[in-house]
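J.: predicted coordinates and the sequence they were generated for:
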Amino acid sequence: MVDFARVQKELQECNRDIEVSGISVNPKSDNLTQLIGTIPGPLGTPYEGGTFTIDIVLPDGYPFEPPRMQFATKVWHPNISSQSGAICLDILKDQWSPALTLKTALLSIQALLSAPEPDDPQDAVVAQQYLRDYQTFVGTARYWTETFAKTSSLGAEEKVQKLVEMGFPESLVRSTLEVVGGDENMALEKLCSG
Amino acid sequence: MEMQKQEGLLTDAEMESMTSVQASEVDDWANFKDNDIMQQQSAILAEEAEKIPFVGDKEPLSSLEAEYQSGSIILLEKIKVLSEQYASIRRTRGDGNCFFRSFMFAYLEHILNSQDRAEVDRITANVEECRKTLQSLGYADFTFEDFFALFLEQLESVLQGSEASISHDELVQRSRDQSVSDYVVMFFRFVTSGEIRKRSEFFEPFILGLTNATVEQFCKSSVEPMGEESDHVHITALSDALGVPIRVVYLDRSSCDNGVVSVNHHDFTPLTGDLPADAATVGGPEPINPFITLLYRPGHYDILYLK
């Protein structure tokens, strides 16, 4: 059973200093087991200027079991799957502790964006590029940030147009975007999952 | 640390290596996600759970002897020596939390049996100190307050004469109930971590002797996560923070040069804040007699009972 009283406190605590940290956590559903986190790309990295959303699912054993986190925003990084958004980070696995919080986990993910660990990769292709051709890696990571992590700067009509161009019917695109609060990535995910 | 497989004791470290061996047999890494790894890990833990509850029943020391029948002669002789002084053993699950779990049960059982209200008052004051330590170290209250509250609740309930009072049987049941047992274990992990960080200069050389980690890294990776095994650093810190002496009796295969079999033990004696360090050790006021005795076999702790 998830300790919801604690989750409530965590959300309050995290969103209190959102101005400083830029990190937020919000419920995706009413029952607080599915949440959405956002982290700003760290300055001085290819992720700078991007806003990354992270899907959070709280397992029954939370806070004894780690929150399940994965990137909803596509990101090019050695420790994050470019396909699924899965994150390779010890504190999300065996190094998790109830002493940590959703916010500290998101801060660790942000730190991971700043300091990739290509020797312990989640995405072997990205890790290889990082090690062998760093300049190309930086270029690709920056391009992905521009393309996928800055969608919130797009106007509403641009989002609709972009999704319609992908082949979805316009009315469905509009209603889906509305449901997910205008988040283009989430709308795309929803549209794809039917 | 030497593993002693033939003795039929599955240590925590072995369980870990089992996990990694099984994981490495997976061919298709692309489809083997973190969730799968964690599911596999919890499956292994569940399998282990069927063998022994978090805290077992009290067993005569002869059951320990039976375990080593086909094993080492030295160990059998040592158990014989042990049985002169100790009557029984209570096993705990080998899930990496066995030291904290043993300490939890032994301490609460001692209070239940002794009804020592002065001791409860004393430890409660120490717990409040620990709370302040964590706050001053920058821990957010909500990360630890539930764990503190739950421990204090258990402490309250082993004292008889109130509505919340529980019997010995209920104490056993609670210690086997994950929603109580794990919370108390985590409480001890917080207390231990806080004490190590607070006195990092003291603990640093010991930690460097164990790993390459800094005090901060050690607390984050070896104290605060559930399932991380305890070493003398953890025991020293917990004993100091709560002011509870702990005797650890070592059952290993180290033999004695003079041919006489004896069993080593070490008393973890908490720092007494008021006394200068040497007064506490050299002919101090009176020798402290630990009321908690744990049996250590490489990689695992259980509870021992005096005759």
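T.: Here it is on my side, so go on.

J.: give me the most central residue, the chain.
T.: Chain wasn't specified; assuming chain A. Among the residues of chain A, residue A:54 comes closest to the average C-alpha position under Cα atoms, centre = their mean, at 2.5 Å.

J.: meant chain B, my bad for not saying
T.: What sits nearest the mean C-alpha location of chain B, by Cα atoms, centre = their mean, is residue B:99, with 1.3 Å.

J.: check which helix or strand that one maps to.
T.: In this assignment (DSSP states H and E), residue B:99 forms part of helix B:98-114.

J.: tell me what that helix is packed against?
T.: Counting by 3 or more Cβ pairs under 8 Å, 6 or more residues apart in numbering or on different chains; DSSP states H and E, the packing neighbours recorded for helix B:98-114 are strand B:55-60, strand B:86-92, helix B:141-158, helix B:168-176, helix B:178-198, helix B:232-242, strand B:292-297, strand B:300-306. The C-beta positions use only the backbone N, C-alpha and C, and glycine is treated the same way.

J.: which parts of chain A are helices?
T.: A:4-16, A:18-21, A:102-114, A:124-132, A:134-148, A:156-165, A:170-179, A:184-192 (DSSP state H).

J.: which other helices and strands contact the fourth one?
T.: What it means is helix A:124-132. The contact analysis (3+ Cβ pairs under 8 Å, 6+ apart) places helix A:124-132 against helix A:134-148.

J.: can I get the CA coordinates of the helix it packs on in PDB?
T.: Listed next in PDB are the C-alpha coordinates belonging to helix A:134-148 (Å, rounded to 0.1, in the frame of the first residue of the first chain):
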ATOM      1  CA  TYR A 134      31.800  13.200 -28.600                       C
ATOM      2  CA  GLN A 135      31.100  16.100 -31.000                       C
ATOM      3  CA  THR A 136      28.500  14.100 -32.900                       C
ATOM      4  CA  PHE A 137      27.000  13.100 -29.600                       C
ATOM      5  CA  VAL A 138      26.700  16.700 -28.400                       C
ATOM      6  CA  GLY A 139      25.100  17.600 -31.800                       C
ATOM      7  CA  THR A 140      22.600  14.800 -31.700                       C
ATOM      8  CA  ALA A 141      21.700  15.400 -28.000                       C
ATOM      9  CA  ARG A 142      21.200  19.100 -28.700                       C
ATOM     10  CA  TYR A 143      19.100  18.400 -31.800                       C
ATOM     11  CA  TRP A 144      16.900  16.000 -29.700                       C
ATOM     12  CA  THR A 145      16.500  18.700 -27.000                       C
ATOM     13  CA  GLU A 146      15.400  21.300 -29.700                       C
ATOM     14  CA  THR A 147      13.100  18.800 -31.300                       C
ATOM     15  CA  PHE A 148      11.500  17.000 -28.300                       C
END
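
J.: what angle separates it from helix A:102-114?
T.: Angle of helix A:134-148 versus helix A:102-114, following axes from the mean of the first three to the mean of the last three Cα atoms, to 10 degrees, is 130 degrees.

J.: next, find the distance separating the residue lying closest to the residue nearest to the centre of chain A once chain neighbours are set aside from chain B.
T.: Spatial nearest neighbour of residue A:54, chain neighbours left out: residue A:37 (4.2 Å); criterion: Cβ to Cβ, 6 or more residues apart in numbering or on different chains. Distance, residue A:37 to chain B, by Cβ to the nearest Cβ, to the nearest Å: 17 Å.

J.: pretty sure residue A:37 sits against residue A:51.
T.: No - if you go by Cβ atoms under 8 Å, residue A:37 and residue A:51 don't touch, sitting 10.9 Å apart.

J.: between those two, tell me which one has more neighbours.
T.: When neighbours are counted by other Cβ atoms under 10 Å in any protein chain shown, residue A:37 and residue A:51 differ, and residue A:37 comes out ahead with 23 against 18.

J.: contact partners for that one?
T.: Contact analysis of residue A:37 by Cβ atoms under 8 Å, 6 or more residues apart in numbering or on different chains lists A:23-25, A:53-54, A:56, A:69, A:102, A:106.

J.: what is the nearest of those residues to residue A:44?
T.: The shortest approach to residue A:44 among those belongs to residue A:23, at 17.6 Å (Cβ to Cβ).

J.: can you pull the poorly scored residue ranges out of the chain?
T.: As the question left the chain open, I've gone with chain A. Across chain A, the ranges flagged by pLDDT under 70 are A:151-155, A:181, A:194.

J.: wrong chain, I was asking about chain B
T.: Within chain B, the segments meeting pLDDT under 70 span B:1-35, B:37-38, B:45, B:48-50, B:256-258, B:272-287.

J.: 50 instead?
T.: Low-confidence segments of chain B (pLDDT under 50): B:1-10, B:13-25, B:274-284.

J.: if I read this right, residue B:152 contacts residue B:128, doesn't it?
T.: No - between residue B:152 and residue B:128 there is no contact under Cβ under 8 Å: 9.6 Å.

J.: who has more neighbours, these two?
T.: residue B:152 (16 against 12).

J.: rewinding a little: any idea which helix or strand carries the residue lying closest to the residue nearest to the centre of chain B once chain neighbours are set aside?
T.: In this structure, residue B:99 finds its nearest non-sequential neighbour in residue B:230, 3.7 Å apart by Cβ to Cβ, 6+ apart. Here residue B:230 is covered by no helix or strand, with elements defined by DSSP H and E.

J.: one step back: quick one, which of the contacts of residue A:37 are buried?
T.: Listed as buried from these are A:23-25, A:53-54, A:56, A:69, A:102, A:106; burial here means 16 or more other Cβ atoms under 10 Å in any protein chain shown.

J.: what sits against the closest residue in space to residue B:237 that isn't next to it in sequence?
T.: What sits nearest to residue B:237 in space, not counting adjacent residues and going by Cβ to Cβ, 6+ apart, is residue B:195, at 4.1 Å. The contact partners of residue B:195, by Cβ under 8 Å, 6+ apart, come to B:130, B:133, B:237-238, B:240-241.

J.: now for the residues you listed, which pair is the farthest apart?
T.: Spatial extent of the contacts of residue B:195 (Cβ to Cβ) is set by the pair B:133 and B:238 at 12.9 Å.

J.: and these two? Which one has more around it.
T.: residue B:238 (25 against 19).

J.: neighbours around the residue nearest to that one when sequence neighbours are not counted, how many?
T.: The shortest distance from residue B:238 to any non-neighbouring residue, by Cβ to Cβ, 6+ apart, is to residue B:192 (4.8 Å). Applying other Cβ under 10 Å, we find 27 other residues in the vicinity of residue B:192.

J.: repeat that for residue A:193.
T.: Using other Cβ under 10 Å, residue A:193 has 6 neighbouring residues.

J.: over to residue A:118?
T.: Neighbourhood size, residue A:118 [other Cβ under 10 Å]: 19.

J.: go on, the one 10 residues further on?
T.: Per other Cβ under 10 Å, the neighbour tally for residue A:128 reads 14.

J.: ok, now the one 4 residues further on?
T.: For residue A:132, the neighbour count with other Cβ under 10 Å is 10.

J.: distance of it relative to residue B:154?
T.: In this structure, residue A:132 and residue B:154 are 56 Å apart, going by Cβ to Cβ, to the nearest Å.

J.: and residue A:128, by the same measure?
T.: As judged by Cβ to Cβ, residue A:128 and residue B:154 stand 53 Å apart.
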